[in-house]
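Asker: The sequence isn't on hand, but the structure is:
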């Protein structure tokens, strides 16, 4: 199992569900446009677990954090609407597969309270995932 493939599956799916908003990917060049909404995604892998002994089986879980940046003083409706759209896209039961790697969303994504961050109003959508290997 490769975290590279897991990241690719999650990021491609995010892009598929992100019409009209630019995305800052980890360790990639990105410059936000002042006054224009954008999002940033971060893959947060957790410690691998061994639910069974032997045979090289393990479970990799983690969270894809998607931070939504909207201009301040523009209200919350648009940002919350986008967060709800992402929660629906990554709903519990969603599966993404490539090269015998299946990423599963086994929980409903959570939406954080909004917070000011400089000239941006930020809401984070946290998408928990799991991959069973072996």
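Answerer: Perfect, thanks for sending it. Model, not experiment: these values are computed from the prediction.
Asker: my guess is residue 126 contacts residue 65, does it?
Answerer: Yes. Assessed by C-beta atoms under 8 Å, residue 126 is found in contact with residue 65 at 5.4 Å. Quick note: C-beta positions are derived from backbone N, CA and C, even for glycine.
Asker: Give the closest residue to residue 103 in space, chain neighbours not counted.
Answerer: residue 96 (4.5 Å; C-beta to C-beta, 6 or more residues apart in numbering).
Asker: how about low-confidence regions in this protein?
Answerer: 1, 53-55 (pLDDT under 70).
Asker: Tell me which stretches of it form helices.
Answerer: 3-16, 77-89 (DSSP state H).
Asker: what angle do the last one and helix 3-16 make?
Answerer: Angle of helix 77-89 versus helix 3-16, following axes from the mean of the first three to the mean of the last three C-alpha atoms, to 10 degrees, is 130 degrees.
Asker: List the contacts of helix 77-89.
Answerer: 13-14, 17, 21, 37, 39, 66, 68, 70, 108-109, 111, 114, 121, 123, 125, 127 (C-beta atoms under 8 Å, 6 or more residues apart in numbering).
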